[in-house]
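Q: Turn this into a structure:
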Amino acid sequence: MSTPPPGKRFSAGQSGNPGGRPRLPDDVKQLARGYTREALETLAGVMRNDDAPAAARVTAASHILDRAWGKPAQHLTVDPVGDLSDAELGSELAAAVEQLRRLGRAGAGEAADDGGEAPPTAH
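A: Below you'll find the predicted structure:
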């Protein structure tokens with residue numbers, strides 16, 4: 001195998017983890033599963049404890065529900081880019097990078113001259 005070029009850990013096309021994530025040994029899984037009832041009872045105790053902080057009670061309830069019913073589906077909204085050519089997509093990305101740079105400079109004390117409205121923020 002060749003030595004990767006300076007600044008790169010792996011050669012092109014080479015995985016950094018070809019075997020994937022190591023499996024958890026079966027005996028460790030079995031040992032952990034032996035604590036399932038006690039863990040659920042602990043979570044239920046925290047959830048029912050009126051003196052526990054509200055955040056702890058909600059977290060305990062959430063963990064119990066996740067294990068009983070699975071985690072809720074996450075809905076994602078994505079702007080379609082399938083109709084853009086590679087050149088158009090590259091241009092859109094370059095414009096977004098430039099806008100972020102202008103905003104960064106504005107945050108560092110320089111005037112923001114983005115020529116448009118402020119981008120939406122995630123909350």
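
Q: and Leu84, what is it in contact with?
A: Glu92 (CB atoms under 8 Å, 6 or more residues apart in numbering). C-betas here are computed from N, CA, C, even on glycine.

Q: distance of it from Leu93?
A: According to CB to CB, to the nearest Å, Leu84 stands 10 Å off from Leu93.

Q: Also Gln14?
A: For Gln14, the distance to Leu93 - CB to CB - is 26 Å.

Q: what do you get for Gly13?
A: For Gly13 relative to Leu93 (CB to CB), the value is 24 Å.

Q: Looking at those two, which one has more neighbours?
A: More crowded of Gly13 and Leu93, by other CB atoms under 10 Å: Leu93, with 11 against 5.

Q: any low-confidence regions in the protein?
A: 1-8, 109-123 (pLDDT under 70).

Q: Find the residue at the geometric middle of it.
A: Gln74 (12.0 Å; CA atoms, centre = their mean).

Q: How is that residue assigned, secondary-structure-wise?
A: coil (DSSP: H, G, I helix; E, B strand; the rest coil).

Q: so who does the closest residue to Ala56 other than its chain neighbours touch?
A: Once flanking residues are discounted, Ala56 sits nearest to Val46: 5.5 Å by CB to CB, 6 or more residues apart in numbering. Residues in contact with Val46 (CB under 8 Å, 6+ apart) are 52, 56-57, 59-60.

Q: how far does the helix or strand containing Thr42 sit from the chain's center?
A: Take DSSP states H and E as the rule and Thr42 turns out to sit in helix 36-48. Centroid separation between helix 36-48 and its chain, computed with CA atoms, centre = their mean, to the nearest Å, is 27 Å.
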